[in-house]
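> Fold the following.
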Amino acid sequence: MSVQVDDDLWSAIGDPTRRRMLDLLLADGGGTATSLSGRLPVTRQAVSKHLGVLDRVGLVTVTPSGRERRYVVDDEQFARAVAQLTAVGSAWDARLQRIKTIAEAIQAEVNQREGN
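I've put the predicted structure just below:
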């Protein structure tokens with residue numbers, strides 16, 4: 001059972017700073033690099049680079065807002081990421097259940113041989 005995932009999307013979400021930025025953007029309904037940099041332990045330039053990564057994978061949309069750019073989480077792409085995460089989690093749950101079943105069968109066989 002193979003789950004199709006978007007490696008670029010997962011790479012973008014894999015960074016803790018970018019995940020925190022997504023949390024802030026979701027909570028606030030959007031923001032600018034300046035507004036985010038005041039709430040994160042990184043420089044405004046670093047925030048801008050992280051936002052660029054999120055933009056490239058489609059997790060945020062960008063609109064000019066005066067001299068700055070306003071970033072908003074793209075609901076459709078975010079839902080796609082959540083769906084992929086759910087699918088990967090379900091696939092691993094199924095794999096782990098199969099491993100458990102095999103381990104229990106082996107243990108039952110060992111117990112039977114030992115007369116337990």
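> going forward, measure contacts between C-alpha atoms and count neighbours the same way
Will do.
> so what's the spatially most central residue of the chain closest to, chain neighbours aside?
For the chain, residue 13 is the residue whose C-alpha lies nearest the centre (Cα atoms, centre = their mean; 4.2 Å). Sequence neighbours aside, residue 19 is the residue nearest to residue 13 in space, at 5.8 Å (criterion: Cα to Cα, 6 or more residues apart in numbering).
> just checking, the one you found touches residue 11?
No. Residue 19 is beyond contact range of residue 11, at 10.8 Å (criterion: Cα atoms under 8 Å).
> Could you check which of those two has the larger neighbour count?
residue 19 (15 against 12; other Cα atoms under 10 Å).
> Buried residues of the helix or strand hosting residue 91, list them for me.
Using DSSP states H and E, residue 91 sits in helix 75-113. Judged by neighbour count using 16 or more other Cα atoms under 10 Å, the buried positions of helix 75-113 are 78, 81, 84, 87-88.
> Using JSON lines, lay out the residues you listed together with distance to residue 41.
Converted to JSON lines, the buried residues of helix 75-113 look like this (distance: Cα to Cα, whole Å):
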{"residue": "78", "distance to residue 41": "24"}
{"residue": "81", "distance to residue 41": "25"}
{"residue": "84", "distance to residue 41": "29"}
{"residue": "87", "distance to residue 41": "32"}
{"residue": "88", "distance to residue 41": "31"}
